[in-house]
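Asker: fold the following for me, if possible:
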Amino acid sequence: MPYSKCPSLRNVAVTAPYMHDGSLKDLRAVVQHYQNGVKNHPNKSPLLRTFQLTDGERTDLIEFLKV
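Answerer: Numbers count the residues shown, from 1 in each chain. Reported below is the predicted structural model:
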C-alpha cells in the first residue's frame, strides 16, 4: 500500500472560514455539516458518511481541534 500523507490539522481553529468556498464560519458548523451527511456527488469519497455525536462529544472534538 503506498504511503499517503494526511494534511495536518495544526492551527485549523485559526483558519476560518472553512470549506472551499468559505461557506462555514466556524468549527461547530463544519462538524455539523459532516454530521448531517454530505450530499451525494460523483466525486464524493465513499469514506464520507454520517455519524452521531452527543453535544458533549461535539464540544470535546471542537476543543481538541483548537489545541
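Asker: end to end, how far does stretch 43-57 reach?
Answerer: 29 Å (C-alpha to C-alpha, to the nearest Å).
Asker: neighbours of V14, how many?
Answerer: 7 (other C-beta atoms under 10 Å). For the C-beta atoms, the positions are set from N, CA and C on the backbone; glycine is no exception.
Asker: report pLDDT for it.
Answerer: According to the prediction, V14 has pLDDT 93.
Asker: average pLDDT for the longest helix seen in the chain?
Answerer: For the chain, the helix that runs over the most residues, judged by DSSP state H, is helix 55-66. Throughout helix 55-66, pLDDT has a mean value of 95.
Asker: buried ones in it, by neighbour count?
Answerer: Residues R58 are the ones in helix 55-66 that count as buried (16 or more other C-beta atoms under 10 Å).
Asker: elements contacting that helix?
Answerer: Helices and strands touching helix 55-66, as assessed by 3 or more C-beta pairs under 8 Å, 6 or more residues apart in numbering; DSSP states H and E, comprise helix 27-36.
Asker: what's the angle from the helix it packs on to helix 55-66?
Answerer: Counting by axes from the mean of the first three to the mean of the last three C-alpha atoms, to 10 degrees, helix 27-36 lies at 120 degrees to helix 55-66.
Asker: only alpha carbons, please: show helix 27-36 as CSV.
Answerer: Taking Å, rounded to 0.1, in the frame of the first residue of the first chain, the C-alpha atoms of helix 27-36 are listed here in CSV:
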residue,chain,number,x,y,z
LEU,A,27,-15.6,24.6,13.5
ARG,A,28,-19.0,23.9,15.0
ALA,A,29,-20.6,24.5,11.6
VAL,A,30,-18.1,22.2,10.0
VAL,A,31,-18.7,19.4,12.4
GLN,A,32,-22.5,19.8,12.0
HIS,A,33,-22.1,19.8,8.2
TYR,A,34,-20.3,16.4,8.2
GLN,A,35,-22.6,15.0,11.0
ASN,A,36,-25.7,15.8,8.9
